[in-house]
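Could you look at this predicted model? Sequence included:
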Amino acid sequence: MLQVVFDEAEKLGMTCDLIVGSGWPFGSETLPREERAEVLLTLAQPVESGKLFEMSKFHIFKELDPGVSVTNTRRIPHLVQALLVPDPISSLDQAIDVTDRFVDDVISIDVPAEGKWQFYAMVRYESFACVINGAPGAAGSILNHMDAKAVRKYLDHMNGAIEAKLGPLSKHLRAFFVDSMELEGTNWTGDFAEEFFRRRGYDLTPWLPFTMFKVGRLGDVLDFDYGAKKEGEFAEQVQRVRFDFELTKAELLHERFTTVYTQWCRDNGVKSRMQGYGRGFFPLETSLLLDIPEGESWTTNWLRHRIGEEMGDEDYRRGRGYTMIDKYVSSAAHLQGKRLVSAEEMTNTYKVFTTSLEFLKNGSDMAAFSGITHSVWHGFNYSPQDAPYPGWVQYGSFYNENNTWWPYFRLLNDYRARMSSVLQNVDMYTDICILPANYDMWAEMGVQTEPFPVKLNVPYTSLIWEAVHKCGGGADYVTDIILNDCEVRKGKLCYGPKQYGVIFLPEVKSISPEALGKLVEMARQGGKVFSVGCAPSKCLGFKDYEKRDAQIAAMVKELEATGNFVVLENPADGAYLEWYQDLMAQYKLPHAITVCSPDRFLLQNRYIGDDKSEYFLFANSHLSEARETDLVFPRSISGGRNAWIYDPATGERFRIRLDGGKYHLRLGPSQTLLIVFNKENGGSEWQPVPSKGAGTRELRGWELSLHHKHLDWTQTDKMDRLVDLKDTEKWKNFMGDVTYKTTVKLSGANLPRYINLGKVADIAELTVNGQPCGVAWYGERTFDLKGLLHDGENTIEVKVTTLMGNYITTFTDNPVAKRYLHRRNQPLVPAGLIGPVELYR
């Protein structure tokens, strides 16, 4: 089958990437026991004071049995340690080791009468989880990703077996691809303790039970207050050890998996593409090693967060089409000058059958806003022919020929291809950086699974970079490691092609002396350093922390003495866009252009081409409302260049005129435009179709012809005034295309020039007097009718293609319908031509 794909791809001129393994993460049914992933888990259970406490190993293992996605029947538990712990606890020496109290696999303890106590049991599970969605042969135990030899053996086995039959894969592939690094919380390997001591300089063992939380599937934390309460300095010490533990785990995965994988790709002459994040991985640094770093945008999964309807500051997820990880991935690419940044886009486990092309466009635009340049739709739904209609669905937005909008799908593809053809050939301009408080998070709550963390310590971090962009600037994320590797020149942090003259530290409490030293030098040279909520106050990690904390405190005083360090308060009302506007004015923060009326739905990025041409991407992410603002472009951008509008939906380019550097931009719902400054000449003037005008006339008296997509019947109806089909008893469950036809008698010299179809659900194809006028699949459904209308009778036909969901709801016994519609209690969605349809001039 691979040969079939390679032959067909070559015939069609397509790019081929090959996923490594099957499902995720790496694993196999034939993995030797010593090459399988392991996890350490801790049971913490209150016990009754002054009583005899008994518990069997069987019960401990049952209580701790890993809550993974796919249970591994080969899992083997090993009791590592048992403790009797006072609650609260304020020092290690208060814990009583009772590991040797087991007799015939049952422990018996006389619990002291004074105070409260908890029983701790730490268990190591080998072979603890299986590959998620693995095909036969690759559905077994997860590979130990912290074993470099096992990783390389696994990789060599895969390509060796294929190349023995097909020859070198480099002839056929652009990249090897690694999907989600969902390691189910794996946190241990045979030499972890030794490596920890070598790297951190102290013994991890006595601290380990206290660093752990109660966890579930994917290692997600279920209880952050698990176990005995930790008091005083002991609580601080445990957090520092937890940071050291997470750092060691990240280093081992970086060295023994990511580095091995990328070297293997190079050895095979194929690029590396990978979603290089997840619990245990560095969220930014991993992507530095990759040829094609990849994020993901589960836009349709987040429909519950009202994408295109909300863009508030109360929850960083609500209204956003990108996940929080995308900015880390794109920032890593920017730091190395990489232009190809891919994303698994539009993965869908929610409103599968009620997802429109417009919604997919909107979500993809938001991914571009976060720095993504290469969309990988996820994904085509293959089904066996005998599968009951509508067929199988697996994480996709039902991309296949059974979808009503499939004949129009190329419009979305063409749009995104045009966007990519620009974005992959320019560099995003960013001159502000943000240091997220991730290391504090590692210490306080452990590494959170990206891109869907259970909880964040500073949940507004992404709102800061959003505000920077929406106010006309550009920002990237950096890390403590990146700061360490920066050079400071003329008040700017310099790394690769990037130079940042401003840095924000949102509630960063912990920092390394090396990174803080770069900030001190930056501020001394005139750069601006802003802490939000608090200033850094302590070092990273446990060893010699009192001494190193004092060093941090002294360096913060040096930073304060520069006059370029400010500790900012968070906005009292949580309005970060307005907060940043005020900061930008007060501290004269850099911004390429002035957005006179910044708006949460109005997205902006700046890019620079190889010929120094300037590109500004503007998108209105609201699904039903227009946005407009004046833009002011400085002479450094507009001087000596011509200004253009590039419309990626059509591929057309038009000239625009600036008035003293000012341009009034109006974007309809879901509309995206590029404003470009270059030295090209010629071109016609931009004349967008207005949404309203003079002499408005509403069209009525419609004849309907309804063709059902699945049942393949055609029926007719009439409507004087348009009504949403979902609100009619007869057509509320219709799915397919409806042709609305009416005639209008016109006379006089001032014939209408434009038509606005009003609300359409979903795709509209307009014909006037037998002449096709085009397709409107997003935004305002407006058309220019120049030369198409005449005196006398005129025929207007609108073919509307609806979404599938209203029909699929009738499948009460269908497992796919139950999963995606009935169990989620999804209501009927608008359908048909809803209008009002108006002519105007």
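Sure, I can see it.

so how many other residues sit close to residue 325?
Here the count is done by other C-beta atoms under 10 Å, and residue 325 has 26 residues near it. Every C-beta, even on glycine, is put in place using the N, C-alpha and C of the backbone.

Could you look up the SS state of the closest residue to it other than its chain neighbours?
The spatially closest residue to residue 325, leaving aside those adjacent along the chain, is residue 451, at 3.7 Å (C-beta to C-beta, 6 or more residues apart in numbering). Of the three states, residue 451 takes coil under DSSP: H, G, I helix; E, B strand; the rest coil.

If you rank every helix and strand of this structure by mean pLDDT, what lands last?
helix 815-817 (a mean of 88; mean pLDDT, DSSP states H and E).

gap between that helix and the chain center?
Remark: helix 815-817 is offset 27 Å from the chain centroid, using C-alpha atoms, centre = their mean, to the nearest Å.

Tell me the first helix or strand C-terminal of that helix.
Sequence-wise, the next helix or strand downstream of helix 815-817 (DSSP states H and E) is strand 832-835.

same for the helix or strand following that next one, what does it pack against?
As assigned by DSSP H and E, the chain's next helix or strand after strand 832-835 is strand 838-840. Strand 838-840 is packed against strand 697-698, strand 754-756, with contacts defined by 3 or more C-beta pairs under 8 Å, 6 or more residues apart in numbering; DSSP states H and E.

need these in JSON lines with mean pLDDT, mean neighbour count and distance to residue 143, can you?
As requested, the helices and strands packed on strand 838-840 are exported to JSON lines (pLDDT from 0 to 100; neighbours: other C-beta atoms under 10 Å; distance: least, C-beta to C-beta, whole Å):
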{"stretch": "strand 697-698", "mean pLDDT": "98", "mean neighbour count": "14", "distance to residue 143": "65"}
{"stretch": "strand 754-756", "mean pLDDT": "98", "mean neighbour count": "21", "distance to residue 143": "57"}
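
Go through the ones you listed and name the closest to residue 205.
strand 754-756 (71.2 Å; C-beta to C-beta).

which other residues reach stretch 107-122?
Stretch 107-122 is contacted by residues 40-56, 60, 64, 79-87, 95, 98, 101, 208-209, 212, 227-228 when judged by C-beta atoms under 8 Å, 6 or more residues apart in numbering.

Mind giving me the PyMOL command for buried ones among the residues you listed?
Selection of buried members from these for PyMOL, criterion 16 or more other C-beta atoms under 10 Å:
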select buried, resi 40+41+42+43+44+47+53+55+60+64+79+80+81+82+83+84+85+86+87+95+98+208+209+212+227+228
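
which ones among the contacts of stretch 107-122 are found in helices?
Judged by DSSP state H, those include 60, 64, 208-209 as members of helices.

Considering those, which is situated nearest to residue 604?
The closest of the ones in helices among the contacts of stretch 107-122, once distances to residue 604 are taken by C-beta to C-beta, is residue 208, at 47.2 Å.

Skipping adjacent residues, who's closest to the closest one in space?
Using C-beta to C-beta, 6+ apart and skipping residues adjacent in sequence, the residue nearest residue 208 is residue 122, 6.6 Å away.
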